[in-house]
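quick one: sequence plus predicted model below, questions after.
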Amino acid sequence: MILKKVYGYIPQLPSSDCSLLPHNHYWISSKRIVTPNGTISGAVEIKEGRIISVVAEENWHVNSSFTTVVNYGESVVMPGFIDVHAHLDDPGRSEWEGFPSGTKAAAAGGVTTLVDMPLNSAPSTVSEETLKLKVQAAEGRVYVDVGFWGGLVPENAENASSLERLLNAGVLGLKSFMVPSGINDFPMTTASHIKEALPTLARYKRPLLVHAEVLLDLDGKVELEDGVENARSYSTYLKTRPASMEEAAINQLITLSKDTRAGGSAEGAHLHIVHLSDARTSLNLIKEAKQRGDSITVETCPHYLAFAAEDIPDGDTRFKCAPPIRDAANKEKLWDALLDGDIDMLSSDHSPSVPEMKLLDEGDFLKAWGGISSLQFVLPATWTHGRKYGITFEQLASWWSENPAKLAGLTTKGAIAVGNQADIVVWEPDMEFDLDNDYPVHIKHPSISAYMGSRLSGKVLATFVRGNLVYKEGNHASQACALPILHR
Ligand SMILES: NC(=O)N[C@H]1NC(=O)NC1=O
Ligand SMILES: [Zn+2]
Ligand SMILES: [Zn+2]
């Protein structure tokens with residue numbers, strides 16, 4: 001994994017509008033604080049947005065009559081989740097999501113930082129100029145910190161100076177698609193575009209995230225004679241995007257990732273495969289590349305760990321995404337790989353649209369928008385499904401905070417540790433809730449989320465961003481005081 005320095009803006013001091021706890025200096029105490037050295041009973045001291053001490057109970061001596069202490073009892077205090085893969089669609093398609101609604105949903109779900117994808121907004125973030133539009137749209141409108149990936153598209157892949165301007169302007173890294181993205185101003189890249197861009201990324205020490213599917217000749221393999229009725233079946237959609245599409249893309253990528261090894265022509269660059277669904281051959285290819293010393297990581301998403309293709313009802317296009325959700329045996333293998341450390345991290349791939357584009361009435365899996373809406377639910381979804389496999393709080397913190405922070409180069413985030421920004425989630429693992437119409441959902445279009453209607457455990461009680469209590473039991477701070485993060 002690569003490490004480098006990222007500088008955000010100077011933290012603002014909390015005001016009563018920015019924080020539901022208007023104190024500059026306070027302690028959070030709990031019997032379960034998840035730190036890089038294990039889970040402790042003790043307290044975290046926060047001053048001006050930073051963590052300034054982490055103390056075990058037996059060593060903690062404060063005179064509480066002079067000190068603000070927020071005691072969370074046995075609730076879990078963890079580093080805030082860092083979601084390196086979210087589409088907030090702002091500017092230009094804020095009717096799909098938007099910075100205010102998306103970051104409120106993040107805060108309500110314990111996500112304290114997210115890195116916004118360069119596509120689904122309009123225009124796509126593929127140049128210095130379009131990044132400026134993103135930052136302008138985010139300023140004063142985000143409730144959690146937001147960094148930005150830039151898009152690698154053929155136009156800038158073939159033009160090193162335009163790519164350098166985009167990197168100099170502060171994107172945390174780049175993202176590209178090896179299949180059509182579904183967005184007109186975000187064309188796909190081939191392996192040769194990626195090869196061309198890697199030496200530039202190496203010089204800037206920033207990662208390339210890749211949507212790893214390629215088009216294959218599937219003629220004769222997909223039978224759609226039944227027409228409309230058939231398109232309502234998830235298995236029809238699954239046949240159009242078989243695991244071999246992921247496998248073929250990853251085969252191409254691991255040829256390129258050789259260059260990232262020590263002494264290689266792209267040493268310092270890093271390849272990151274987003275939203276892996278195929279837990280069979282694709283996963284082995286990635287594992288072997290890692291063993292050979294390539295700088296390569298991989299993420300999967302809660303929907304691949306929570307759902308199985310066999311269970312998706314006919315016509316329920318809330319579950320349509322790419323790559324698709326595969327069979328239950330594949331899901332078990334994804335869990336094995338996550339638990340074994342072969343999958344490095346998790347992300348939401350929150351990719352909403354307006355409800356009309358989900359075609360919920362027709363239920364046509366081939367025509368509906370592909371994308372799962374999940375941003376607010378990633379913590380309880382991971383926990384609810386993971387606790388059956390005995391996952392620990394430390395594992396959750398490594399998949400959702402520590403490893404994502406490393407990928408995005410966020411050196412002062414991702415752990416409850418002295419010197420870090422005070423980005424913290426407090427949650428209750430045994431508290432269950434129904435995602436029904438009475439539940440306060442903050443994503444713009446709750447009706448299109450695949451999680452609505454389910455019962456989950458793991459309720460977020462409070463979320464702190466840079467020491468500001470931005471969310472507490474259903475309420476948000478009145479002002480959006482979190483910050484755009486730029487690589488400086
Ligand atoms: N454009 C876009 O968000 N595509 C995303 N949706 C999805 O399901 N997979 C993707 O890559
Ligand atoms: Zn994708
Ligand atoms: Zn995506």
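Perfect, thanks for sending it. Ligands and ions are numbered 1, 2, ... in the order given.

the closest residue in space to residue 185 that isn't next to it in sequence: how many residues sit nearby?
Leaving aside its sequence neighbours, residue 185 sits nearest to residue 124 (Cβ to Cβ, 6 or more residues apart in numbering; 4.9 Å). Every residue, glycine included, has its C-beta placed from N, CA and C. Neighbour count for residue 124, taken as other Cβ atoms under 10 Å: 22.

do the same with the one 5 residues further on
A total of 12 residues lie near residue 129 under the criterion other Cβ under 10 Å.

how about the strands of the stretch 251-400 of the chain, start to end?
Per DSSP state E, counting those that start in this stretch, the stretch 251-400 of the chain carries strands over the ranges 270-273, 296-300, 345-346.

list of residues touching the first one?
What it means is strand 270-273. Residues outside strand 270-273 that contact it (Cβ atoms under 8 Å, 6 or more residues apart in numbering) are 1-2, 173, 201, 206-210, 212, 250, 253, 256-257, 260, 286, 294-299, 407.

near ligand 1, which residues of the stretch 201-350 of the chain?
211, 321-322 (Cβ under 6 Å from any ligand atom).

try it again at 8 Å.
Within the stretch 201-350 of the chain, the residues that sit near ligand 1 (Cβ under 8 Å from any ligand atom) are 211, 274-275, 320-323, 349.

for the residue of the stretch 251-400 of the chain found nearest ligand 1, give me the pLDDT.
The minimum distance from the stretch 251-400 of the chain to ligand 1, using Cβ to the nearest ligand atom, falls at residue 321 (3.3 Å). For residue 321, the pLDDT comes out at 98.

kindly report the same for residue 16.
Residue 16 is given a pLDDT of 80.

could you say which helix or strand holds it?
Using DSSP states H and E, residue 16 sits within no helix or strand.

any idea whether the closest residue to it other than its chain neighbours is helix, strand or coil?
Leaving out its chain neighbours, the residue that sits closest to residue 16 by Cβ to Cβ, 6+ apart is residue 22, at 4.2 Å. Classification of residue 22 by DSSP: H, G, I helix; E, B strand; the rest coil places it in coil.

so how many other residues sit close to residue 22?
16.

can I assume residue 25 is in contact with residue 50?
No: taking contacts as Cβ atoms under 8 Å, residue 25 lies outside contact range of residue 50: 10.4 Å.

in the stretch 251-400 of the chain, which spans are helices?
Secondary structure of the stretch 251-400 of the chain (DSSP state H, counting those that start in this stretch): helices at 281-291, 302-306, 328-340, 378-386, 393-397.

helices or strands up against the last one?
Identification of packing neighbours for helix 393-397 by 3 or more Cβ pairs under 8 Å, 6 or more residues apart in numbering; DSSP states H and E yields strand 25-35, strand 38-47, strand 76-79, helix 378-386.

list the contacts of the third one.
With contacts defined as Cβ under 8 Å, 6+ apart, strand 76-79 is touched by 28, 30, 32-34, 44, 110, 112, 393, 396-397, 401-402, 413-416, 420, 423-429.

send the alpha carbons of it over as PDB?
Only the C-alpha atoms of strand 76-79 are listed here, as PDB (Å, rounded to 0.1, in the frame of the first residue of the first chain):
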ATOM      1  CA  VAL A  76     -18.700   1.200  20.600                       C
ATOM      2  CA  VAL A  77     -16.400   4.200  19.800                       C
ATOM      3  CA  MET A  78     -14.600   3.700  16.500                       C
ATOM      4  CA  PRO A  79     -12.800   5.700  13.900                       C
END
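
wait, does the host helix or strand of residue 137 make contact with ligand 1?
For residue 137, the host element (DSSP H and E) is helix 128-138. No: figure legend: helix 128-138 not in contact with ligand 1 (Cβ under 8 Å from any ligand atom); closest approach 15.7 Å.

tell me the mean pLDDT for the helix or strand just after that helix?
Next in sequence after helix 128-138, counting helices and strands by DSSP H and E, comes strand 145-148. Average pLDDT, strand 145-148: 98.

how about stretch 380-387?
Rounded mean pLDDT across stretch 380-387 is 98.

ok, stretch 465-475 next?
97.

in TSV: the strands of the stretch 251-400 of the chain, plus mean pLDDT and mean neighbour count.
Putting the strands of the stretch 251-400 of the chain into TSV (pLDDT from 0 to 100; neighbours: other Cβ atoms under 10 Å) gives the following:
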stretch	mean pLDDT	mean neighbour count
strand 270-273	98	26
strand 296-300	98	24
strand 345-346	99	26
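
which one of those lies nearest to residue 61?
strand 345-346 (37.3 Å; Cβ to Cβ).

other SSEs contacting the closest one?
strand 296-300, helix 403-408.

and the last one, what's its mean pLDDT?
For helix 403-408, mean pLDDT rounds to 98.

what pairs with the helix or strand just after it, parallel or antiparallel?
Counting by DSSP H and E, the element after helix 403-408 in chain order, helix or strand, is strand 424-434. Sheet pairing for strand 424-434, assigned by DSSP bridges, gives strand 76-79 (antiparallel), strand 455-465 (antiparallel).

could I get the average pLDDT for strand 424-434?
98.

what is the orientation angle of that strand with strand 38-47?
When axes from the mean of the first three to the mean of the last three Cα atoms, to 10 degrees is applied, the directions of strand 424-434 and strand 38-47 differ by 120 degrees.

what are the contacting residues of stretch 151-160?
Here stretch 151-160 has contacts from 118-119, 124-127, 162-163, 166, 174-176, 186-187, 189, 193-194, 196-197, 200, 208, using Cβ under 8 Å, 6+ apart.

and the residues you listed, which of them are in strands?
174-176, 208 (DSSP state E).

give me the buried subset of those.
For the ones in strands among the contacts of stretch 151-160, a burial check counting by 16 or more other Cβ atoms under 10 Å picks out 174-176, 208.

what about dumping the CA coordinates of stretch 472-480 to PDB?
Output of stretch 472-480 as PDB, limited to C-alpha atoms (Å, rounded to 0.1, in the frame of the first residue of the first chain):
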ATOM      1  CA  LYS A 472     -26.800  12.700  17.100                       C
ATOM      2  CA  GLU A 473     -29.800  10.400  17.300                       C
ATOM      3  CA  GLY A 474     -31.600  11.500  14.200                       C
ATOM      4  CA  ASN A 475     -30.500  15.200  14.300                       C
ATOM      5  CA  HIS A 476     -27.800  16.900  12.200                       C
ATOM      6  CA  ALA A 477     -25.800  20.000  13.000                       C
ATOM      7  CA  SER A 478     -27.600  23.000  11.500                       C
ATOM      8  CA  GLN A 479     -24.600  24.100   9.400                       C
ATOM      9  CA  ALA A 480     -22.500  22.100   7.000                       C
END
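
that older thread, closest to ligand 1 out of the strands paired with strand 424-434?
strand 455-465 (21.2 Å).
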